[in-house]
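*Asks:* Have a look at this prediction, sequence included:
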Amino acid sequence: MRWDAWCSMLVYTFATVAFYLLGAAILGRSGLDPKGSEMIRMLAVMYEPVFGHSAQLLFLFGAFAVLYSTFFVANASHARTFSDALRVLGLVGGSDAAHRFRVKLLSGIFPFVCLVFYIAIPQPALLVLISGVIQAVMLPMLAGAGLFFRYRRIDQRVAPGVAWDICLWISAAGMLVAGVWAFWTKLADMLWN
């Protein structure tokens, strides 16, 4: 698990940095600022030197694939998490069959809930800001949960060493700072813009 976590972190970090540098170099040199309704077209400009005029079509296909897979995985994980939460809170029965049924039911309901939100608030930028505020609120809670499970629920046979504990505390502090900062800035954007 540790090798998997370290290797995943390295791949995701380097891929993110590479895409950021690619975007900053090409869009900055071109003087393009990707925002608003022109964002997709401007982001596709990054790929035009390599792919030519078909870059926008390839970018749209890639963006759809990434966003669909993200939505698909998030929907499945939210259905399982919500069903687990209902069971842990004692609001529903605890049998495995009932859990599987709830997961299937919620996997069908959640996409419709998302559609209703989009129909009710047809402003993708605002919905992204609301999502950012909610995620910002979650960061400190996730950090607290990580610390709780490390010190209260861990099997001592797999307990990490001091170096891992230091990294965990640094990560938790970073998540707290990032969560508070993101919450404040996104809330300010929503309220005053």
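*Replies:* Thanks, I have it.

*Asks:* In the strand or helix carrying Gly146, which residues are buried?
*Replies:* Element membership of Gly146 [criterion: DSSP states H and E] is helix 124-152. Along helix 124-152, these residues count as buried under the neighbour rule (16 or more other C-beta atoms under 10 Å): Leu129, Ile130, Gly132, Val133, Ala136, Leu139, Pro140, Ala143, Arg150. Just so you know, the C-beta spots here come from the backbone N, C-alpha and C atoms, and that holds for glycine as well.

*Asks:* before we move on, what about stretch 41-60?
*Replies:* Buried residues in stretch 41-60, defined by neighbour count with 16+ other C-beta under 10 Å: Met42, Leu43, Ala44, Val45, Met46, Tyr47, Ala55, Gln56, Phe59.

*Asks:* Packing partners of the helix holding Gly146?
*Replies:* For helix 124-152, the contact count by 3 or more C-beta pairs under 8 Å, 6 or more residues apart in numbering; DSSP states H and E identifies helix 96-120, helix 162-192 as packing neighbours.

*Asks:* in this protein, which helix or strand is least confident?
*Replies:* Scoring the helices and strands of the chain by mean pLDDT, DSSP states H and E places helix 39-44 at the bottom, with a mean of 73.

*Asks:* Looking at the buried residues of stretch 41-60, which is nearest Asp96?
*Replies:* Checking the buried residues of stretch 41-60 against Asp96 with C-beta to C-beta, the nearest one is Phe59 at 43.2 Å.

*Asks:* Show me the domain layout of the chain.
*Replies:* In the domain annotation for the chain, the residue ranges read 32-120, 123-193 (automatic domain parsing).

*Asks:* and the longest one, how far apart are its ends?
*Replies:* The distance separating the two terminal residues of domain 32-120, taken as C-alpha to C-alpha, to the nearest Å, comes to 32 Å.

*Asks:* that older thread, per-residue confidence averaged over the helix holding Gly146?
*Replies:* In this model, helix 124-152 has a mean pLDDT of 86.

*Asks:* For the remainder of this discussion, apply numbering that starts at 76.
*Replies:* All right, first residue 76 from here; so that's helix 199-227.
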